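Colleague: Got a predicted structure plus its sequence, pasted below:
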Amino acid sequence: MANKNQPGFNELLGELMPDFMAEVKPIKNDPVAIQSFGSEKGLAHALRRKAATSLAQTDPGAGLTDEVREWVEPEGILEWCDAGIQKAVFRNFKLGKYGYDASIDLHKMRVAKARVEIAHFIEQCHRRDVRTALIIHGKGSRSKDRPALLKSLCYQWLIDLPLVLAFHTAQKSDGGAGATYVMIRKSDASKIENREQNRRR
């Protein structure tokens, strides 16, 4: 039978713990940025965008590939948007309510040339504060060997280009399945101007 006056385990632990912890030094951890990805496809996309961002400093099209990762149909709808885009904004955008301030026709271009042209076009739009643009790529329905080749490549190029916020197949009046609306990030100068305007309000 245990002696009532004998200290229990919890009491002994309480007496010993301060001496034990005195010898323990906390580990210093540097802050780590953690980003979650919903799937392997999302992770691959993020890595491609990161690579394209660093390469774009010297050549906007350097991070793009001519190898099709995912084929689309000639009449298929192309759509994608960054996680930060509001649903209402994307809905109006894909309906063509924002119009477009610049356009480029890649139709009938060779793949290598189209890749360079689309990258430089997006870069120029960004520098000139063009927020919405139209890319004409055609449907590619007449090609028997590789239908919708250029359209499929435009789909992945636009996803990989870091300056692109969203895109969607155009309305029929603007080219339908043969063209795509593109939403482009604000330039640094435009962001500064907006902050200054908000500060003055």
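Modeller: On my side now, so go ahead.
Colleague: Would you map the strands across this protein?
Modeller: 79-81, 102-105, 132-136, 164-169, 179-184 (DSSP state E).
Colleague: and those as a markdown table, adding mean pLDDT and mean neighbour count?
Modeller: Where you see a C-beta, it was placed from the backbone N, CA and C, and this is true even at glycine. A markdown table is the format used below for the strands of the chain (pLDDT from 0 to 100; neighbours: other Cβ atoms under 10 Å):
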| stretch | mean pLDDT | mean neighbour count |
| --- | --- | --- |
| strand 79-81 | 98 | 16 |
| strand 102-105 | 98 | 17 |
| strand 132-136 | 99 | 21 |
| strand 164-169 | 98 | 22 |
| strand 179-184 | 99 | 25 |
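Colleague: closest to residue 62 out of those strands?
Modeller: Nearest of the strands of the chain to residue 62, taken as Cβ to Cβ: strand 164-169 at 15.8 Å.
Colleague: Among the strands of the chain, single out whichever gets nearest to residue 96.
Modeller: strand 179-184 (6.7 Å).
Colleague: which helices and strands sit right next to that closest one?
Modeller: If you count contacts as 3 or more Cβ pairs under 8 Å, 6 or more residues apart in numbering; DSSP states H and E, strand 179-184 packs onto helix 87-94, helix 111-127, strand 132-136, helix 149-160, strand 164-169.
Colleague: strands paired with that strand, and their directions?
Modeller: strand 132-136 (antiparallel), strand 164-169 (antiparallel) (DSSP bridges).
Colleague: quick one: the closest residue to residue 101 other than its chain neighbours and residue 124, what's the gap?
Modeller: The shortest distance from residue 101 to any non-neighbouring residue, by Cβ to Cβ, 6 or more residues apart in numbering, is to residue 130 (4.7 Å). The gap separating residue 130 from residue 124 is 8 Å, by Cβ to Cβ, to the nearest Å.
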